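**Student:** What would the 3D arrangement of this be:
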Amino acid sequence: MKKVELIIRPEKLEDVKEIFNELQIYGMTVAMVSGCGHQKGRKKVYRGTEFSINLLPKLKIETVVHDEVVDQLISKVTQKIKTGEVGDGKIFVYGVEQAVRIRTSESGENAI
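**Tutor:** You can find the predicted model right below:
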């Protein structure tokens, strides 16, 4: 099992949800986060004064999937949500040792 963490532009959430449905991934956690990377924020002018906004709004989506789904998920997400601009986001993949569904006590891959 792998935990896949996506940091994306907020307006791309519906596209990612469509991909998850296509791949029959039904569990996800979505959080509004702020961050910066190579984009380094942006500059704004307010009442004649220029200031920089370092942290930009992003969405963090987390899910745990079977190993064989990971490459397909990454491929579909990168194709569908890529704009070609700095700030498109990142995907991180981690190994998951154990998963347990609390309601039924199922464990391992049956729990996801």
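
**Student:** looking at this protein, which residue ends up farthest from its center?
**Tutor:** residue 48 (36.3 Å; Cα atoms, centre = their mean).

**Student:** export stretch 53-66 as PDB, just CAs?
**Tutor:** Taking Å, rounded to 0.1, in the frame of the first residue of the first chain, the C-alpha atoms of stretch 53-66 are listed here in PDB:
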ATOM      1  CA  ILE A  53       2.600  37.400  -0.500                       C
ATOM      2  CA  ASN A  54       4.900  34.500   0.200                       C
ATOM      3  CA  LEU A  55       2.400  31.800   1.000                       C
ATOM      4  CA  LEU A  56      -0.100  30.900  -1.600                       C
ATOM      5  CA  PRO A  57      -3.400  28.900  -1.200                       C
ATOM      6  CA  LYS A  58      -3.100  25.300  -2.200                       C
ATOM      7  CA  LEU A  59      -5.100  22.100  -1.500                       C
ATOM      8  CA  LYS A  60      -3.500  19.000   0.000                       C
ATOM      9  CA  ILE A  61      -5.200  15.700  -0.900                       C
ATOM     10  CA  GLU A  62      -4.200  12.500   0.800                       C
ATOM     11  CA  THR A  63      -5.200   8.900   0.000                       C
ATOM     12  CA  VAL A  64      -4.000   5.400   0.500                       C
ATOM     13  CA  VAL A  65      -4.100   3.100  -2.600                       C
ATOM     14  CA  HIS A  66      -2.900  -0.300  -3.700                       C
END
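
**Student:** give me every residue that touches the residue nearest the centre of the chain.
**Tutor:** Nearest to the mean C-alpha position of the chain, counting by Cα atoms, centre = their mean, stands residue 6 at 1.9 Å. Residue 6 makes contacts with 16, 59-62, 77, 89-92, as judged by Cβ atoms under 8 Å, 6 or more residues apart in numbering. Just so you know, the C-beta spots here come from the backbone N, C-alpha and C atoms, and that holds for glycine as well.

**Student:** Quick one: these as a markdown table, columns for neighbour count, secondary structure and distance to residue 103 too.
**Tutor:** Conversion of the contacts of residue 6 to a markdown table gives the following (neighbours: other Cβ atoms under 10 Å; DSSP: H, G, I helix; E, B strand; the rest coil; distance: Cβ to Cβ, whole Å):
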| residue | neighbour count | secondary structure | distance to residue 103 |
| --- | --- | --- | --- |
| 16 | 23 | helix | 26 |
| 59 | 18 | strand | 27 |
| 60 | 17 | strand | 25 |
| 61 | 21 | strand | 23 |
| 62 | 15 | strand | 20 |
| 77 | 22 | helix | 29 |
| 89 | 21 | strand | 32 |
| 90 | 12 | strand | 32 |
| 91 | 15 | strand | 29 |
| 92 | 11 | strand | 28 |
